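Enquirer: need coordinates for the following:
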Amino acid sequence: MMSMTMNPEIKQKWVDALRSGKYEQGSGTLRSHQGYCCLGVLCDLYSQEQNTEWDFHGAYEEENTRPMDYWYFDGESEFLPKSVREWAGLSISSPQVRVELSEDDEDDFFYNEDIANLNDSGYTFIALSNLIEQQF
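Expert: Modelled structure (predicted):
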């Protein structure tokens, strides 16, 4: 099993936050009007603990004037910024988890995937929190 070392206290806060129902799940960016990516939740926990702010950049798509919003945290809009990585004890900006392709114990088919990609492809915060709890 793939293992990533993370600060255990922060890992538990992240898992708890993902399971809390407090955060609406979004995709594509750390944070948007839709909600938060799982990595955005970690950034928000850092923001609360360090008393820092998100940086909002508003925009509209020209074709249909649909509101699009861009939130940045410490200069990043899609990946974990260095400040959050160091605080959490993570070495990379887009951590990976091992995803099993089969639940059959006899077959060991799996792949490694960025947790943000799983968030964007429909994994729920509960499913992601389970992967984080087991593998980080």
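Enquirer: which residues touch the helix or strand harbouring V84?
Expert: According to DSSP states H and E, V84 maps onto helix 82-88. With Cβ atoms under 8 Å, 6 or more residues apart in numbering as the test, helix 82-88 has contacts from 6-7, 10-11, 14, 42-43, 46, 49-50, 73-74, 80, 90-93. All C-beta spots, glycine's among them, are computed from the backbone N, C-alpha and C.
Enquirer: after that helix comes which helix or strand?
Expert: Taking DSSP H and E, what comes next after helix 82-88 is strand 96-100.
Enquirer: show me where this structure has strands.
Expert: In the chain, the segments counted as strands under DSSP state E are 55-60, 67-72, 96-100, 110-114.
Enquirer: lowest-pLDDT helix or strand in this structure?
Expert: strand 55-60 (a mean of 75; mean pLDDT, DSSP states H and E).
Enquirer: what's the separation between G89 and L42?
Expert: Per Cβ to Cβ, to the nearest Å, G89 is found 11 Å from L42.
Enquirer: which residues do those two both contact?
Expert: Jointly contacting G89 and L42 under the rule Cβ under 8 Å, 6+ apart are I10.
Enquirer: higher neighbour count, the two?
Expert: L42 (29 against 15; other Cβ atoms under 10 Å).
Enquirer: residues contacting that one?
Expert: Here L42 is in contact with I10, W14, L80, V84, A88 (Cβ under 8 Å, 6+ apart).
Enquirer: cutoff 6 Å now
Expert: Residues in contact with L42 (Cβ atoms under 6 Å, 6 or more residues apart in numbering) are W14.
Enquirer: show the pLDDT at it.
Expert: With respect to pLDDT, L42 scores 98.
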